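K.L.:
this one's structure only:
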DNA sequence: AGACGGACTCGACGCGCTGTCGACTTTTTC
DNA sequence: GAAAAAGTCGACAGCGCGTCGAGTCCGTCT
């Protein structure tokens, strides 16, 4: 065949193998948790020997990192209008959370596995931290704006509150079998966390 | 020495060894995460060989389960007044959370390790689930009472909301280096989740 | 053509940790 | 003081990981 005419350099054999490993990982993850997947299986799926696997990736976790990087962009999808907006803009928040739920639906095992492996695997830990930090700092900025404008009540230091919201999302989605069903409740709860005021309630009498 | 006179049956040699394993586990856990602790170390700490360890426990996780059972009681400490009370009783909630924080301070590594091992280790998973279920159902009952009395606004189905609160606590404490410092913020946030009303806010003008 | 080098492949090895087995010693019991 | 129960251990087998060095394939340069 020799290098195809029109374009120089199609994907080399190695590139295709690397892809095959990634694909196999995705396929396996759809079927079982990360912890139960072995390098043998990954290699077998790509039709190479276990030792050849190491030519492409340093470890199973390195595969996960590669997979994760493919998701980095998607994870903020539709979050902009909410994070940059103002006021208890319920529809914007709902759109943001709906997009997140969709990701958790398709990549739940990957995300759950990554989260579980994060302590004890620096690269994954850093990935998680940087994502979390990005979200937290944007949300914290929003909280500050809202408070300064008198739109939101005082409360926990903005970064702390933002962190709690991020944690709540992660915990909720990680534990959910049906992410989309959580969205409405998450919307309500997050808005309360941000804007909820304890009005003194009418005790009976 | 022979069996001591007054009381029948002091702790047998085996009982003491078992204790020694448990103690070693506690000690090691104070120093490093569960995942980095090996059966060898546990056995060495109790001054027996690795194979003798298996006489006492089936696995490292079985030790964790034993440790966990010792905590089962403490984990509800001081939660009664809050869970059985009524209204946004901030002091009661604070006391409950303060007690929880203290447990996370002393047993954080154990709890974090257990949580990480829960998927993939049925006994630990069950332990976690039963604890969670107990808390969730008591809290959900409280939510129902409050709503029926017109003291709390409507919102997510009580069990779902209670679950979110439980998740939030776990995530927050698991990630914290200083659990006690979280208590005040958690109090604020939980009260908002339960009682927070979105009053329509004065837009400027 | 032929030599070179980089991309790629693999079997064999050593390691660390797990869990089991069977034989042995110690302690308890009657 | 003999039988049973409790406790102890070394040796072994298994699994999954990561490494090493030898070998093949393939395009390039001269």
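P.N.:
In hand now; what should we look at? Quick caveat, the model's predicted, so the values are computed rather than measured.

K.L.:
contacts, neighbours, all on C-alpha from now
P.N.:
Noted.

K.L.:
which parts of chain A sit against DNA strand D?
P.N.:
Listed as neighbours of DNA strand D in chain A under the rule C-alpha under 7 Å from any atom of the strand: A:2-3, A:37-40, A:51, A:54, A:58-60.

K.L.:
averaging pLDDT per element, find the lowest-scoring helix or strand in chain A.
P.N.:
For chain A, counting by mean pLDDT, DSSP states H and E, helix A:13-31 ranks last in confidence among helices and strands (a mean of 92).

K.L.:
could you name the helices and strands sitting against that one?
P.N.:
Applying 3 or more C-alpha pairs under 8 Å, 6 or more residues apart in numbering or on different chains; DSSP states H and E, one finds that helix A:13-31 contacts helix A:39-45, helix A:60-71, helix A:90-117.

K.L.:
tell me the domain ranges of chain A?
P.N.:
The record assigns chain A these domain ranges, following automatic domain parsing: A:13-57, A:69-195.

K.L.:
how far does the longest one sit from its chain's centre?
P.N.:
Domain A:69-195 has its average C-alpha position 9 Å from the chain's average C-alpha position, going by C-alpha atoms, centre = their mean, to the nearest Å.

K.L.:
check whether that domain comes near chain B.
P.N.:
Yes: with C-alpha under 8 Å from any C-alpha of the partner chain as the measure, domain A:69-195 is seen reaching chain B through A:116, A:151, A:155-156, A:161, A:164, A:167-168, A:171-172, A:185, A:188-189, A:191-193, A:195.

K.L.:
mind checking which of the residues you listed land in helices?
P.N.:
A:116, A:161, A:164, A:167-168, A:171-172, A:185, A:188-189, A:191-193, A:195 (DSSP state H).

K.L.:
now pLDDT too, for those, in TSV please.
P.N.:
Formatted as TSV, these follow (pLDDT from 0 to 100):
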residue	pLDDT
A:116	93
A:161	98
A:164	98
A:167	97
A:168	98
A:171	97
A:172	98
A:185	98
A:188	97
A:189	98
A:191	97
A:192	97
A:193	98
A:195	96
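
K.L.:
three-state assignment of the most centrally placed residue in chain A?
P.N.:
Geometric centre of chain A, nearest residue: residue A:75, 5.2 Å, by C-alpha atoms, centre = their mean. Here residue A:75 is recorded as helix under DSSP: H, G, I helix; E, B strand; the rest coil.

K.L.:
just give the nearest non-adjacent residue to it, would you?
P.N.:
In space, residue A:75 comes closest to residue A:100 once its chain neighbours are excluded; the distance is 6.6 Å by C-alpha to C-alpha, 6 or more residues apart in numbering or on different chains.

K.L.:
go through the least confident helix or strand of chain A and flag the buried ones.
P.N.:
Neighbour counts over helix A:13-31 (16 or more other C-alpha atoms under 10 Å in any protein chain shown) mark A:17-18, A:20-26, A:28-29 as buried.

K.L.:
and for stretch A:131-143?
P.N.:
Buried residues in stretch A:131-143, counting neighbours by 16+ other C-alpha under 10 Å, are found at A:133, A:135-136, A:139-143.

K.L.:
would you mind pulling the contact partners of that stretch?
P.N.:
A:72, A:83-86, A:152, A:158-159, A:161-163, A:166, A:194 (C-alpha atoms under 8 Å, 6 or more residues apart in numbering or on different chains).

K.L.:
possible to save the residues you listed as TSV with distance to residue B:147 and neighbour count?
P.N.:
Formatted as TSV, these follow (distance: C-alpha to C-alpha, whole Å; neighbours: other C-alpha atoms under 10 Å in any protein chain shown):
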residue	distance to residue B:147	neighbour count
A:72	41	13
A:83	31	20
A:84	34	11
A:85	32	15
A:86	30	15
A:152	24	21
A:158	29	20
A:159	31	18
A:161	26	22
A:162	27	26
A:163	28	20
A:166	27	20
A:194	21	28
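
K.L.:
in JSON lines, list the residues you listed along with distance to DNA strand C.
P.N.:
Shown next, in JSON lines, are these (distance: C-alpha to the nearest atom of the strand, whole Å):
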{"residue": "A:72", "distance to DNA strand C": "25"}
{"residue": "A:83", "distance to DNA strand C": "42"}
{"residue": "A:84", "distance to DNA strand C": "43"}
{"residue": "A:85", "distance to DNA strand C": "47"}
{"residue": "A:86", "distance to DNA strand C": "50"}
{"residue": "A:152", "distance to DNA strand C": "50"}
{"residue": "A:158", "distance to DNA strand C": "42"}
{"residue": "A:159", "distance to DNA strand C": "38"}
{"residue": "A:161", "distance to DNA strand C": "38"}
{"residue": "A:162", "distance to DNA strand C": "38"}
{"residue": "A:163", "distance to DNA strand C": "34"}
{"residue": "A:166", "distance to DNA strand C": "33"}
{"residue": "A:194", "distance to DNA strand C": "44"}
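
K.L.:
and the least confident of those residues?
P.N.:
Within the contacts of stretch A:131-143, pLDDT reaches its minimum at residue A:72, with 83.

K.L.:
against residue A:81, how distant is that residue?
P.N.:
18 Å (C-alpha to C-alpha, to the nearest Å).

K.L.:
what bits of chain A have low per-residue confidence?
P.N.:
For chain A, the stretches with pLDDT under 70 are A:1-11, A:14, A:199-205.

K.L.:
near DNA strand C, which residues of it?
P.N.:
Counting by C-alpha under 7 Å from any atom of the strand, chain A sits next to DNA strand C at A:12-15, A:17, A:47-49, A:51-52, A:55.

K.L.:
closest one of those residues to DNA strand D?
P.N.:
Nearest to DNA strand D, judged by C-alpha to the nearest atom of the strand, of the residues of chain A next to DNA strand C is residue A:51 at 4.4 Å.
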